[in-house]
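Chemist: Quick one: sequence and predicted model below, then my questions.
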Amino acid sequence: MSEAKEKNIHEKIKTHILNDQKKISLWKQIKEDFSVPKLNDPALDSSFELFFNYPGVWAIINHRIANKLYNKGWTKTARALVGIGSLLTKTDIHPAATIGRRVFIDHAIGVVIGATTIIEDDVLIYQGVTLGGVSLDKGKRHPTIRSNAVIGSGAKVLGNIIIDKNSKVGANSVVVCNVPKNSTAVGVPAKIIKKDKKNCRLAHDDLPDINKEMFKYLIERIHILEEVLKEEDGIDVSNKDKKLEEDYNRFIDAMNSIKK
């Protein structure tokens, strides 16, 4: 994808979010923010808990107010408000970031969201996530997270990239390239190793293990070589070897699927 085309996509997404937010009041957006934890956290027993145990909700609400001030030119006031919010919620969200409706930051502590980040509706973000930049460019330098994506705890999504719709980023992964829709990205650096339209957004345990697959290959390869050495005249391992190579090639294809 060309740089101009990618820039156009980011701008369209941002414009759509801003136009959508103009249709509803800030108060309605905040009411939606309070309703989201009930859909994403089974540990929530009562509305009373929202006021004391969900700093992510307050971080989003604080950002919405700061973002309004920032866009009206009250940049210093907005930054001051963000600073106060950071002390209370242990998050750092730049007031210039564009955040859509019903975005939920669960547990929230340690979350960092950069100035040119764009987050669409219904995104779920866990603790310790960084949506950061990799350059000093004044233009778009932070990620765009599309609707219904899930960013696992401790994940780092870096640069002007897109995490497309309905995708998941595994915990502690480092993502530096685009992630296509309905995909799972995992690893350091992250690789696209699973595409599933029926992906359950809360199934954090259902993530492929890159290291496990590699070790399985190596162990099976060693086993075949040991069988050959045990027989003085050698044995025919061509069928096993062929099957192993097919499994290995499928694994490598999956690992390289993120490359254009």
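Modeler: Nice, thanks for sending it over.
Chemist: just the strands in the stretch 151-260 of the chain please.
Modeler: Ranges of strands in the stretch 151-260 of the chain, per DSSP state E, counting those that start in this stretch, are 156-158, 162-163, 168-169, 174-175, 183-187, 190-195.
Chemist: Of these, flag the one that's most buried.
Modeler: strand 168-169 (a mean of 29; mean count of other C-beta atoms under 10 Å). Placement of C-beta: from N, CA and C, glycine included.
Chemist: which residue sits closest to residue 79, ignoring its sequence neighbours?
Modeler: In space, and not counting its chain neighbours, residue 79 is closest to residue 95: 6.4 Å by C-beta to C-beta, 6 or more residues apart in numbering.
Chemist: how about the strands of the stretch 151-260 of the chain, which one is nearest residue 100?
Modeler: Residue 100 lies closest to strand 162-163 among the strands of the stretch 151-260 of the chain, at 13.4 Å (C-beta to C-beta).
Chemist: helices and strands around that closest one, which ones?
Modeler: Strand 162-163 sits against helix 3-22, strand 144-145, with contacts defined as 3 or more C-beta pairs under 8 Å, 6 or more residues apart in numbering; DSSP states H and E.
Chemist: Compare those and give me the one nearest residue 85.
Modeler: helix 3-22 (19.1 Å).
Chemist: how about whichever helix or strand comes after the closest one: buried residues?
Modeler: Sequence-wise, the next helix or strand downstream of helix 3-22 (DSSP states H and E) is helix 26-35. By 16 or more other C-beta atoms under 10 Å, the buried positions in helix 26-35 come out as 29, 33.
Chemist: which residues sit against helix 26-35?
Modeler: Here helix 26-35 makes contact (C-beta atoms under 8 Å, 6 or more residues apart in numbering) with 21, 47, 50, 57, 60-61, 64-65, 68, 101-104.
Chemist: Output the below-cut-off pLDDT ranges for this protein.
Modeler: For the chain, applying pLDDT under 70 flags the ranges 1-3, 194-214, 228-238, 240-241, 251-260.
Chemist: mind listing the helices for it?
Modeler: 3-22, 26-35, 37-40, 50-53, 55-71, 75-89, 210-230, 238-255 (DSSP state H).
Chemist: returning to what we had before: out of the contacts of helix 26-35, which are buried?
Modeler: 21, 50, 57, 60, 61, 64, 65, 101, 102, 103, 104.
Chemist: and the two most separated of these?
Modeler: Among the buried ones among the contacts of helix 26-35, the pair separated by the greatest distance (C-beta to C-beta) is 21 and 50, at 21.9 Å.
Chemist: from memory residue 158 sits against residue 174, does it?
Modeler: Yes - at 7.0 Å, residue 158 counts as touching residue 174 under the criterion of C-beta atoms under 8 Å.
Chemist: neighbours around the spatially closest residue to residue 120 that is not a sequence neighbour, how many?
Modeler: Excluding the flanking residues, the one nearest residue 120 by C-beta to C-beta, 6+ apart is residue 147, at 4.1 Å. Residue 147 has 19 neighbours, counted by other C-beta atoms under 10 Å.
Chemist: same check, this time on residue 165
Modeler: Residues within reach of residue 165, counting by other C-beta under 10 Å, total 17.
Chemist: who's in contact with residue 135?
Modeler: By C-beta under 8 Å, 6+ apart, the contact list for residue 135 reads 141, 159.
Chemist: let's see it at 10 Å
Modeler: The contact partners of residue 135, by C-beta atoms under 10 Å, 6 or more residues apart in numbering, come to 141, 158, 159, 160.
Chemist: distance of the residue lying closest to the third one once chain neighbours are set aside from residue 120?
Modeler: For residue 159, the nearest residue in space outside its immediate sequence neighbours is residue 134; the separation is 4.4 Å by C-beta to C-beta, 6+ apart. Plainly put, residue 134 is 21 Å away from residue 120 if you go by C-beta to C-beta, to the nearest Å.
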